[in-house]
Structures are given as structure tokens and as C-alpha cells.
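In: Here is the input, now give the coordinates:
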Amino acid sequence: MLLFIKSLFQQGHHRCLAGAALVMLALGITMFSNRSAADEARDKTRQAQQALGSARASDLPVLGQMPALTGASAWLNSAPLDMTQLRGKVVLVDFWNYSCINCIRTLPHVRAWAEKYRDQGLVVIGVHTPDFDFEKDSTNIQKAISRFKIDYPVAVDSEHRIWKAFRNNAWPVFYFVDAQGQIRARIAGEGNYDKAENIIQSLLAEAGNSRARPAMAQPMPSTALKLAASAEQAGPDMANLRSGETYVGYAQASNFISRSGLKKDAAHDYASYAENMPQLNEWSLAGNWTVGAERANLNQVGGSIVYRFKARDLHLVLGPRADGMPVRFQVRIDGDAPGADHGSDTDAEGNGIISDARLYQLVRQSGKVREATFEIRFLDAGAGAFAFTFG
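Out: Numbers count the residues shown, from 1 in each chain. All right, here's what the predicted structure looks like:
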């Protein structure tokens with residue numbers, strides 16, 4: 001178990017966590033303090049519970065004190081929140097960014113918890129920490145908040161200050177904080193939603209909110225939330241998922257095939273994919289591109305990207321021209337229009353438009369999931385391509 005935890009924390013933070021959540025609960029370690037500090041925190045928790053009288057003590061460990069949120073460069077949906085304002089509240093801190101597919105798929109659950117438990121003492125705070133530079137723009141974040149119908153407070157953490165204070169290392173990650181401001185649990189990745197809601201209920205009960213108990217009962221069924229989620233927010237088809245997150249920029253690119261290789265920060269004519277037919281999870285460029293550290297930018301009309309994948313859903317993080325003008329594109333699957341297998345950002349003919357820098361769902365296979373060759377051809381110059389994700 002300790003080796004597993006060590007490997008998790010050694011991962012680079014430029015990764016979203018997919019599939020079943022990785023849960024750190026009731027472990028004989030602390031993340032934010034040493035043993036004596038943790039004992040002192042537990043004593044304070046017990047004293048607070050005794051003062052409340054009717055509160056039921058939770059068996060969750062104390063992992064340390066919640067760091068301050070003073071590193072936020074801005075707040076959306078709320079005035080800035082500090083520890084004084086949060087004292088006495090159960091707090092769920094959600095580290096996310098708006099182009100991370102794993103974060104996007106958790107949002108229906110987070111929204112539901114915020115609504116269900118708001119009047120019972122829960123405060124949900126989204127900490128938006130960017131992966132790509134375009135995610136630092138508050139206007140882009142505000143568009144995403146509107147798109148995903150987020151109404152709880154969001155701290156804009158564009159300089160990774162809150163991220164570092166929490167010693168966080170991935171997206172999405174939930175931190176559960178009790179009414180005394182102590183972190184009591186951490187869940188990383190998708191899944192385990194019932195467990196997460198049980199933690200919320202436990203901490204609310206521990207806080208002595210008698211009004212909370214009759215309303216809490218059983219967690220919200222995941223199946224009900226699946227019905228509410230649509231497009232890219234729907235859960236992944238794990239049984240058929242054989243492709244993983246793939247970055248296009250050279251800083252983290254993998255599985256690129258071309259006789260010339262990726263040319264860093266220089267315009268280059270890449271051969272058509274017919275000369276570089278990809279195998280499963282390989283990809284290639286065609287046309288004149290400049291590949292930077294985090295994105296590939298198309299310099300001339302007609303360029304394309306090809307990826308051999310197996311998954312129900314294919315997403316690609318894309319951006320418009322540098323001046324903000326939209327870029328038209330067309331998708332093909334094994335050389336044909338996608339038809340019923342088109343994604344939420346394309347039509348049956350495979351047509352779509354890049355209007356904002358964000359994640360685009362380009363394929364959702366409607367029948368049996370098969371291995372296929374995906375191609376996106378751009379009808380205007382200036383498109384930026386950042387990363388593939390799948391579901």
C-alpha cells in the first residue's frame with residue numbers, strides 16, 4: 001500500500017486521473033503534518049464534538065489543516081472566501097480545470113452535492129488550476145462555468161499557488177474538510193461518488209447539524225446522475241476504453257509517427273498519413289504545422305491530424321486562431337463521415353467549428369465500439385491542437 005501511495009505522489013501534475021478513483025482514507029499516515037500535530041488535531045476535533053453534544057464522531061482520520069485560499073488571483077461566483085468565513089462549515093475543495101475530461105465528468109456530481117447539502121452546512125469550492133496557458137484566462141473560465149452550469153464559488157488558481165499549498169498533483173482531486181478546518185479525506189480521480197457523498201454526510205453529522213440528518217439518508221444513485229449528464233459529461237465506457245490521454249505539444253507528446261519526427265518550434269511540412277499509417281494509439285500530422293511545447297499550430301489551410309484509437313468517445317482540446325477568429329473543420333472515421341457516431345461538437349457529416357479554446361467531443365460511437373482511424377481536417381488556417389482524451 002505504501003509503495004502504491006508513493007508512486008501516486010511521484011506522478012507529474014500534468015495528468016488527469018481517469019477511471020475508478022484513488023482513495024486515501026483511514027491510512028496511518030498524514031499528508032500535511034507530522035504525527036504529533038495530527039494527534040493534537042484529533043484532540044481538538046474530539047473536544048469540539050463533545051462541545052456539540054449531539055454530534056456523532058466520524059471515524060475519518062485527520063490529515064492536516066486546510067491551507068489558506070489566499071493564493072487565488074480571482075474569485076468567480078463569490079467574493080473571496082477565507083478560513084474565518086468557512087469556520088463551522090464542512091468544505092469540499094475540488095481541484096479541476098475546464099479542459100480536463102476527467103474533471104468535466106465529475107461536475108454533475110459536484111453540482112448535485114452543492115445543491116443538496118448547501119442548506120445543511122456544506123460549502124463547495126472549485127479551485128481552477130490550469131494545465132494549458134489558455135486556461136489562465138478568467139474569461140475562458142467564466143465561459144466554462146456557464147457552459148457547465150456551475151453556481152458554487154470558484155477560486156482562480158492560475159499561478160498554482162493553492163495547488164502548491166495543498167501539495168496537490170493531479171486533476172480532479174477532492175479534499176474533504178471538517179467544521180474545524182481539518183482535512184479528513186482525499187479522493188483523486190473519477191468514480192467512488194457514493195463514497196464521496198458518504199464522507200460529506202459523515203462530516204455534516206459530526207458537525208452536529210441535526211437538520212441535515214433526515215434529508216441525507218442514502219447517497220444519490222449514480223444512475224440518476226448519468227441520466228442528467230450529457231455530451232462530454234457522461235461517464236466513460238471503461239469496458240471498451242483502450243486509448244489514453246495523448247498530448248500534441250512536444251513537451252509531453254508520445255506515440256507520434258513521422259519519418260521527420262516532431263520539429264520543435266519551427267514550421268514544417270509533415271507527410272500525409274497515407275505514408276505514416278498509424279497503429280493503435282499512434283498519431284500523425286499532415287500539412288504545415290509549427291509544434292510548440294504545449295500545442296501544434298496549423299500554418300496553412302488543409303492540414304490534418306490522424307489518430308488510431310479504440311474508445312466510445314474521442315475528444316480533442318482545440319483552440320481558434322490567435323486573433324480569436326473561428327476555424328472550420330471536418331471529421332472522418334475510417335475515411336467516412338461519422339453519421340450516427342458523431343460527437344456533440346460535430347454533425348453527421350463531420351462538420352464543426354472551433355469557436356473557443358476548450359475540449360471538443362468529436363466522436364461518440366453509437367453502436368459496438370470498434371478500433372478505428374480518426375482524421376480531422378481543418379478548412380481554415382490557425383487552429384491549435386493540444387491533447388486527445390477518450391471515454
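In: make it CA atoms for all contacts and neighbour counts henceforth
Out: Noted.
In: So which residues of the stretch 51-200 of the chain form strands?
Out: Shown for the stretch 51-200 of the chain, the strands assigned by DSSP state E, counting those that start in this stretch span residues 64-65, 74-76, 90-96, 122-128, 154-156, 173-177, 182-188.
In: Give me the sheet partners of the last one and which way each runs.
Out: Okay, so that is strand 182-188. strand 22-24 (antiparallel), strand 64-65 (antiparallel), strand 173-177 (antiparallel) (DSSP bridges).
In: Export that strand to PDB, keeping only CA atoms.
Out: Only the C-alpha atoms of strand 182-188 are listed here, as PDB (Å, rounded to 0.1, in the frame of the first residue of the first chain):
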ATOM      1  CA  GLN A 182      -9.100  20.000   9.100                       C
ATOM      2  CA  ILE A 183      -8.700  17.800   6.000                       C
ATOM      3  CA  ARG A 184     -10.300  14.500   6.700                       C
ATOM      4  CA  ALA A 185     -10.200  12.700   3.400                       C
ATOM      5  CA  ARG A 186      -8.800  13.000  -0.100                       C
ATOM      6  CA  ILE A 187     -10.200  11.300  -3.300                       C
ATOM      7  CA  ALA A 188      -8.400  11.600  -6.600                       C
END
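In: picking up where we left off before, now render the strands of the stretch 51-200 of the chain as CSV, adding mean pLDDT, distance to residue 235 and mean neighbour count.
Out: Shown next, in CSV, are the strands of the stretch 51-200 of the chain (pLDDT from 0 to 100; distance: least, Cα to Cα, whole Å; neighbours: other Cα atoms under 10 Å):
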stretch, mean pLDDT, distance to residue 235, mean neighbour count
strand 64-65, 96, 32, 22
strand 74-76, 97, 27, 17
strand 90-96, 98, 16, 25
strand 122-128, 98, 20, 23
strand 154-156, 98, 23, 27
strand 173-177, 98, 17, 23
strand 182-188, 98, 16, 23
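In: any chance of the ones you listed in a markdown table, plus distance to residue 267?
Out: As requested, those are exported to a markdown table (distance: least, Cα to Cα, whole Å):
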| stretch | distance to residue 267 |
| --- | --- |
| strand 64-65 | 50 |
| strand 74-76 | 37 |
| strand 90-96 | 33 |
| strand 122-128 | 33 |
| strand 154-156 | 34 |
| strand 173-177 | 38 |
| strand 182-188 | 39 |
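In: these two touch, right, residue 287 and residue 300?
Out: Yes. In this structure, residue 287 is within contact of residue 300 by Cα atoms under 8 Å, at 7.3 Å.
In: more neighbours, the two?
Out: Between residue 287 and residue 300, counting by other Cα atoms under 10 Å, residue 287 is the more crowded of the two (20 against 16).
In: Three-state assignment for that one, please.
Out: Assigned with DSSP: H, G, I helix; E, B strand; the rest coil, residue 287 falls in the strand class.
In: Leaving aside the residues adjacent along the chain, what's closest to it?
Out: With sequence-adjacent residues excluded and distances taken as Cα to Cα, 6 or more residues apart in numbering, residue 287 is closest to residue 303, at 4.3 Å.
In: how about the one you found, what does it touch?
Out: Applying Cα atoms under 8 Å, 6 or more residues apart in numbering, we find residue 303 in contact with 285, 286, 287, 288, 289, 377, 378, 379.
In: ok, of those, which come out buried?
Out: 285, 286, 287, 288, 289, 377, 378, 379 (16 or more other Cα atoms under 10 Å).
In: and residue 78, how far is that from residue 126?
Out: 11 Å (Cα to Cα, to the nearest Å).
In: do residue 338 as well
Out: Separation of residue 338 from residue 126 (Cα to Cα): 35 Å.
In: Spatially central residue in the chain, please.
Out: By Cα atoms, centre = their mean, the chain has its centre lying nearest to residue 103, at 2.3 Å.
In: Excluding chain neighbours, what is closest to that residue?
Out: Nearest non-adjacent residue to residue 103, counting by Cα to Cα, 6+ apart: residue 172, 5.1 Å away.
In: Of the strands paired with strand 182-188, which is nearest residue 99?
Out: When those are ranked by proximity to residue 99, the top entry is strand 173-177, at 14.9 Å, counting by Cα to Cα.
In: centre of the chain versus the closest one, how much separation?
Out: Chain-centre distance of strand 173-177: 14 Å, with Cα atoms, centre = their mean, to the nearest Å.
In: Mind listing residues that contact it?
Out: The contact list for strand 173-177, computed with Cα under 8 Å, 6+ apart, reads 66, 90-96, 183-189, 199-200.
In: so where is the stretch 151-300 of the chain shaky, pLDDT-wise?
Out: Flagging of the stretch 151-300 of the chain using pLDDT under 70 yields the residue ranges 210-229, 273-276.
In: rerun that using 90 as the cut-off
Out: Regions of the stretch 151-300 of the chain meeting the criterion pLDDT under 90 cover residues 208-231, 258-260, 271-277.
In: What of the stretch 1-150 of the chain?
Out: In the stretch 1-150 of the chain, residues with pLDDT under 90: 1-59.
In: quick one: the helices in it?
Out: Under the criterion DSSP state H, counting those that start in this stretch, helices of the stretch 1-150 of the chain are mapped to 2-9, 35-52, 83-86, 101-117, 138-147.
In: Just the CA trace of the third one, in CSV.
Out: Taking C-alpha atoms only, helix 83-86 is exported to CSV below (Å, rounded to 0.1, in the frame of the first residue of the first chain):
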residue,chain,number,x,y,z
MET,A,83,-10.8,30.4,6.8
THR,A,84,-12.8,32.7,9.2
GLN,A,85,-15.8,32.6,6.8
LEU,A,86,-15.5,28.8,6.4
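In: Name the residues of that helix that come out as buried.
Out: The neighbour-count check on helix 83-86 (16+ other Cα under 10 Å) flags residue 86 as buried.
In: which residues are in contact with that helix?
Out: By Cα under 8 Å, 6+ apart, helix 83-86 touches 68, 69, 123, 179, 181.
In: Please repeat the previous calculation with a cut-off of 10 Å.
Out: Contact partners of helix 83-86, identified using Cα atoms under 10 Å, 6 or more residues apart in numbering, comprise 66-70, 89, 121-123, 177-181.
In: Fine by me, thanks again.
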